[in-house]
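Peer 1: what follows is a protein structure lacking sequence information:
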C-alpha cells in the first residue's frame with residue numbers, strides 16, 4: 001500500500017495526494033514488487049533501499065547512495081497471540097532524498113499513523129531532516145510506553161501466581177521476558193545508528209536538529225536501562241515463582257501422602273477382620289462390629305495427631 005502526504009504551506013495541514021510532489025512524504029506499507037518498482041522509477045531510489053526494511057531480520061544501520069540516505073531502525077509492535085498481547089520489533093526504513101522522504105515497513109505502525117492523524121505538533125513533510133528526527137523521537141517514546149505496559153502486566157500476573165499452580169501465568173511471564181529480549185536487542189542496535197547520525201552533514205545544518213537528536217539518544221538510553229531493569233526483575237520473579245510452584249506441589253503431595261497413611265489403617269484392620277477363617281477375635285461378642293469400628297477410629301485420630309505434630313498433615 002502506497003500513501004502520499006504533504007503539508008500545505010498555507011494551512012499547515014497534512015493532505016493526501018494522488019501523485020508524488022516535491023516535499024511530500026511517501027509512506028509504503030507491505031508493498032508488492034510492482035509498488036516498489038513504481039516508487040523506484042518516480043523517486044530515483046534504488047530497489048535495494050526500498051526492499052531493505054522488508055526483511056524481518058534486517059538490523060539497524062545507515063547507508064547512502066546517489067545523494068539518497070537510508071536509515072533503518074527497529075520499531076516496536078504489539079501483536080495478539082492466543083488471547084495474549086505480545087511485543088516485538090520490526091525494521092523501518094527511512095529514505096531521505098533530494099525532494100522527498102520515503103518510509104517503508106512491513107506493517108502499519110502506530111508511530112507513523114500518529115503523524116497522519118495529526119497527533120504530532122510542528123510536523124512538516126518538506127522539513128525532511130526534522131521529520132526523520134521526529135520519527136526517531138516517536139519510536140523512543142513508544143518503546144518507553146510499551147515497557148511500562150510490560151511492567152504493569154508482569155505485576156498483574158505475579159498477583160495471580162500467588163494462588164496458582166498452573167502453567168498459564170508462567171507462560172505469560174515467559175512471553176513478556178522474550179519481548180524484553182527483543183526490545184533490548186533492537187534498542188542497542190538503534191543506539192549505534194543514532195550515534196552515527198550525529199556525524200551526518202544534513203543534521204549539522206540546524207542546531208535545533210542536533211538538540212532533538214541528542215534528546216532521542218537520551219530517550220533511547222533510558223529505554224535500554226528500563227529494559228535491563230525489567231528483564232532482571234522478571235527473570236528473578238520467574239525463578240522465585242518456579243520454586244514457589246514446586247513448593248506448593250510438595251505441600252499438596254505431602255498432604256495426600258498423610259491422607260493415604262491414615263486411610264490405610266482402617267483398610268488393614270477391616271481387611272484382617274473380614275477374612276473367612278476360624279479364630280477371628282471378638283466373634284463371640286454382640287457389639288463386636290462397633291467396638292472394632294471405635295478402636296479403628298481411635299487409632300486414626302492418634303495417627304493424625306502424630307502427623308500433625310511432625311508437620312506432616
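Peer 2: The structure has been received and is ready for your questions. What you see is a predicted model; the values in this text were computed from it and never measured.
Peer 1: and the longest helix along the chain, what does it pack onto?
Peer 2: Longest helix in the chain, counting residues (DSSP state H): helix 207-273. Judged by 3 or more CB pairs under 8 Å, 6 or more residues apart in numbering; DSSP states H and E, helix 207-273 is in contact with helix 128-161, helix 168-197, helix 288-309. From N, CA and C alone the C-beta is placed, and that goes for glycine too.
Peer 1: how close does the nearest residue to residue 181 once chain neighbours are set aside sit to residue 145?
Peer 2: Nearest residue to residue 181 in three dimensions, chain neighbours excluded: residue 231, at 7.1 Å (CB to CB, 6 or more residues apart in numbering). Remark: distance between residue 231 and residue 145 (CB to CB, to the nearest Å) = 17 Å.
Peer 1: and the residue nearest to residue 181, what does it touch?
Peer 2: By CB atoms under 8 Å, 6 or more residues apart in numbering, residue 231 lies in contact with 177, 180, 181, 184.
Peer 1: quick one: low-confidence parts of the stretch 1-150 of the chain?
Peer 2: Scanning the stretch 1-150 of the chain for pLDDT under 70 picks out 9-12, 81-84.
Peer 1: give me the neighbour count for residue 205.
Peer 2: 11 (other CB atoms under 10 Å).
Peer 1: any idea of the pLDDT on it?
Peer 2: At residue 205, the model reports a pLDDT of 76.
Peer 1: run through the stretch 151-300 of the chain and note the low-pLDDT ranges.
Peer 2: 162-166, 277, 279, 283.
Peer 1: contact partners for the residue nearest to residue 138 when sequence neighbours are not counted?
Peer 2: Of all residues beyond its chain neighbours, the one nearest residue 138 is residue 111 (4.9 Å), with distances taken as CB to CB, 6+ apart. Contact analysis of residue 111 by CB under 8 Å, 6+ apart lists 75, 92, 135, 138, 139, 142.
Peer 1: shouldn't residue 118 be within a helix?
Peer 2: No. The assignment for residue 118 (DSSP: H, G, I helix; E, B strand; the rest coil) gives coil, which keeps it out of a helix.
Peer 1: chain neighbours aside, what residue packs nearest to it?
Peer 2: The shortest distance from residue 118 to any non-neighbouring residue, by CB to CB, 6+ apart, is to residue 14 (6.7 Å).
Peer 1: what is the burial count for that neighbour?
Peer 2: There are 18 residues near residue 14, going by other CB under 10 Å.
Peer 1: who touches the host helix or strand of residue 48?
Peer 2: Per DSSP states H and E: residue 48 is located in helix 47-51. Applying CB under 8 Å, 6+ apart, the external contacts of helix 47-51 come out as 28, 31, 36-37, 39-40, 63, 65, 68, 70, 93, 95, 102, 104.
Peer 1: buried stuff in that helix?
Peer 2: Buried residues in helix 47-51, counted by 16 or more other CB atoms under 10 Å: 49, 50, 51.
Peer 1: list the contacts of stretch 195-212.
Peer 2: By CB under 8 Å, 6+ apart, stretch 195-212 touches 62, 69, 71, 96, 128, 129, 130, 133, 134, 137, 213, 217.
Peer 1: skipping adjacent residues, who's closest to the fourth one in space?
Peer 2: So that's residue 96. Residue nearest to residue 96 in three dimensions, not counting chain neighbours: residue 69, with 4.1 Å by CB to CB, 6+ apart.
Peer 1: thought that neighbour was touching residue 95?
Peer 2: Yes. With contact defined as CB atoms under 8 Å, residue 69 reaches residue 95; the gap is 7.0 Å.
Peer 1: so those two - more neighbours on which side?
Peer 2: With neighbours defined as other CB under 10 Å, residue 69 and residue 95 compare such that residue 95 has more, 28 against 21.
Peer 1: phi, psi for the more buried one please.
Peer 2: Backbone torsions for residue 95, taken as degrees, to the nearest 10, come to phi -110, psi 120.
Peer 1: what's near enough to touch it?
Peer 2: Counted by CB under 8 Å, 6+ apart, residue 95 has contacts 45, 49, 50, 68, 69, 70, 71, 101, 102, 103, 104.
Peer 1: can you pick the most crowded of these?
Peer 2: residue 104 (27 neighbours).
Peer 1: part of a strand, is that one?
Peer 2: Yes. Checked against three-state DSSP, residue 104 lies within a strand.
Peer 1: please name the bridge partners of it.
Peer 2: residue 28, residue 93 (DSSP bridges).
Peer 1: residue 54 is in contact with that one, correct?
Peer 2: Yes. Counting by CB under 8 Å, residue 104 touches residue 54, with 7.1 Å between them.
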